[in-house]
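Asks: sequence first, then the predicted structure, then my questions.
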Amino acid sequence: MNRPPPPPPALLQTPGFAHYSLAWSPFHSTRLALASAANYGLVGNGRLHLVSLGPGPGGVPGLSYDTQDGLYDVAWSEVHENQLVTASGDGSIRLWDIMLNDLPLRAWQEHTREVFSLDWSNLQKDLFVSASWDGTVKIWSPERPHSLSTLHAHRACVYQALFSPHQPDTIATCSTDGTLKIFDLRAPAYAAPAPGGAPGSFTAPLSAAALTVPASGTEVLALDWNKYRPWVLASAGVDKAVKVWDCRMVKMGAGAGTGAEQQAVGGLCETHMAGHEYAVRRVQWSPHRPDVLATASYDMTCRVWTTTPTAAGTHLLYIHDPHTEFVVGCGWSLYDDGLLASCGWDSRLNVFRV
């Protein structure tokens, strides 16, 4: 199959809206979506931007959709090339079709706090997952008016939840509590503590996380699955470090609650990469290379790393620093090896080749 020629590096400015997240279309090599919020997401409206990369030096802004609250994340459908979902600060999730008018196809309102993450499964293409500051993770079908299931994943804010690209029933999450967790959706549905029950007690012990990784002493803001190595995850957060975990290295620890419950804990930290000056807001493995990943940080840079040390003994490959505000989103092109996009609170989208 012949691919269109790769687009050149681009810059797009959208004044008035700070970008929180970007997503490349899985169907079109030059199409991106941006989730944005007015007033840095603190108060005010949100906007979904559609951008096409043309043959010239910049991006071409396409359609935009306004929402009543800020947008924090966006994910393209893996089934319909013109559909995508957005996550909002008011706890709502909306499904859009860019071939239709500015009203969403469907809107869900089940989360009680900000929805900060969305991910569409590339294996079970009729499902997507959301993560919220209310501590829950929900599984959705675009065809259903309500969520299919709810994981009471953490007792604190859940910053991100991602389907495994290797195992269709596996989800990883990260949280304010400093942990990564892996859930097996084939296990009995995760059950919240019974009303009045002791903290940490579960009505169905087997439904707890299949693995808990104590990844940091502070908040873990982002994670991503390696696209080539099953059970390998990268995490990043407030401690400014990027860590790579082999989640096959587990042990059984004392589980919370009563009886002889045990919980799988551990995860071997294969690589520890330091260099960011402030918290890291996003981490993403390359879809083309098993040892390369990109990060976005509050230090206003987007950086590219390798897990294989260079001849100079460093893991850092590249620093992209033209942003003038927090960089909170980055994403690799799915079609063009080495093409990376970054977005931030300076209302700028940068597309560049590493």
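Replies: Everything's here; your move.

Asks: any idea which element the residue lying closest to residue 125 once chain neighbours are set aside lies in?
Replies: Counting by Cβ to Cβ, 6 or more residues apart in numbering, residue 78 is the residue found nearest to residue 125 once chain neighbours are left out, at 4.1 Å. All C-beta atoms are positioned from the backbone trio N, CA, C, and that covers glycine. Assigned by DSSP states H and E, residue 78 belongs to no helix or strand.

Asks: hmm, residue 119 and residue 78 touching each other?
Replies: No. Taking contacts as Cβ atoms under 8 Å, residue 78 lies outside contact range of residue 119: 10.3 Å.

Asks: can you pull the pLDDT of residue 11?
Replies: pLDDT recorded at residue 11 is 80.

Asks: helix, strand or coil: sort out it for me.
Replies: Under the three-state scheme (DSSP: H, G, I helix; E, B strand; the rest coil), residue 11 adopts strand.

Asks: so it bridges to which residues?
Replies: Here residue 11 sits in beta bridges with residue 350, going by DSSP bridges.

Asks: from the chain's centroid, how far away is whichever strand or helix holds residue 131?
Replies: Here residue 131 is covered by strand 128-132, with elements defined by DSSP H and E. Here the centre of strand 128-132 is set off from its chain's centre by 9 Å, with Cα atoms, centre = their mean, to the nearest Å.

Asks: do you know how far the residue lying closest to residue 116 once chain neighbours are set aside is from residue 306?
Replies: Nearest non-adjacent residue to residue 116, counting by Cβ to Cβ, 6+ apart: residue 72, 5.0 Å away. From residue 72 across to residue 306, the span is 29 Å (Cβ to Cβ, to the nearest Å).

Asks: okay, these two: which has more neighbours?
Replies: residue 72 (26 against 18; other Cβ atoms under 10 Å).

Asks: state the pLDDT value of that one.
Replies: pLDDT at residue 72 comes out at 97.

Asks: secondary structure element holding it?
Replies: strand 71-76.

Asks: touching that strand from outside, list them.
Replies: Strand 71-76 is contacted by residues 20-27, 33-37, 41, 46-48, 83-89, 114-120, 128 when judged by Cβ atoms under 8 Å, 6 or more residues apart in numbering.

Asks: how far off centre is that strand?
Replies: 9 Å.

Asks: what are the pairing partners of it, and which direction each?
Replies: Using DSSP bridges, strand 71-76 pairs in its sheet with strand 83-88 (antiparallel).

Asks: quick one: average pLDDT of the strand it pairs with?
Replies: 97.

Asks: ok and that strand relative to strand 128-132, angle-wise?
Replies: If you take axes from the mean of the first three to the mean of the last three Cα atoms, to 10 degrees, strand 83-88 sits at 10 degrees to strand 128-132.

Asks: and after strand 83-88, which helix or strand comes next?
Replies: Using DSSP H and E, the first helix or strand after strand 83-88 is strand 93-97.

Asks: mind giving me the packing neighbours of that next one?
Replies: Here strand 93-97 touches strand 83-88, strand 106-108, going by 3 or more Cβ pairs under 8 Å, 6 or more residues apart in numbering; DSSP states H and E.

Asks: and of the ones you listed, who's closest to residue 281?
Replies: strand 83-88 (15.0 Å; Cβ to Cβ).

Asks: centre of the chain to that closest one, how far?
Replies: 13 Å.

Asks: between it and strand 93-97, how many degrees?
Replies: 150 degrees.

Asks: now residue 335: closest residue in space, sequence neighbours ignored.
Replies: Leaving aside its sequence neighbours, residue 335 sits nearest to residue 29 (Cβ to Cβ, 6+ apart; 3.9 Å).

Asks: what's the neighbour count on that neighbour?
Replies: Neighbours of residue 29 (other Cβ under 10 Å): 18.

Asks: surely it is within a strand?
Replies: No. Residue 29 is assigned coil when assessed by three-state DSSP, not a strand.

Asks: doesn't residue 339 make contact with it?
Replies: No. Judged on Cβ under 8 Å, residue 29 makes no contact with residue 339 at a distance of 9.1 Å.

Asks: just say helix, strand or coil for residue 245.
Replies: strand.

Asks: how about it, what does it touch?
Replies: 180, 213, 215, 232-235, 267-270 are the contacts of residue 245 under Cβ under 8 Å, 6+ apart.

Asks: where's it relative to residue 92, distance?
Replies: Where residue 92 is concerned, residue 245 sits at a distance of 32 Å (Cβ to Cβ).

Asks: and for residue 35?
Replies: Using Cβ to Cβ, we find residue 35 at a distance of 13 Å from residue 92.

Asks: those two: who's more crowded?
Replies: More neighbours surround residue 35 than the other of residue 35 and residue 92, with 29 against 20 (other Cβ under 10 Å).

Asks: quick one: contacts for the more buried one?
Replies: 19-22, 46, 48, 71-74, 86-87.
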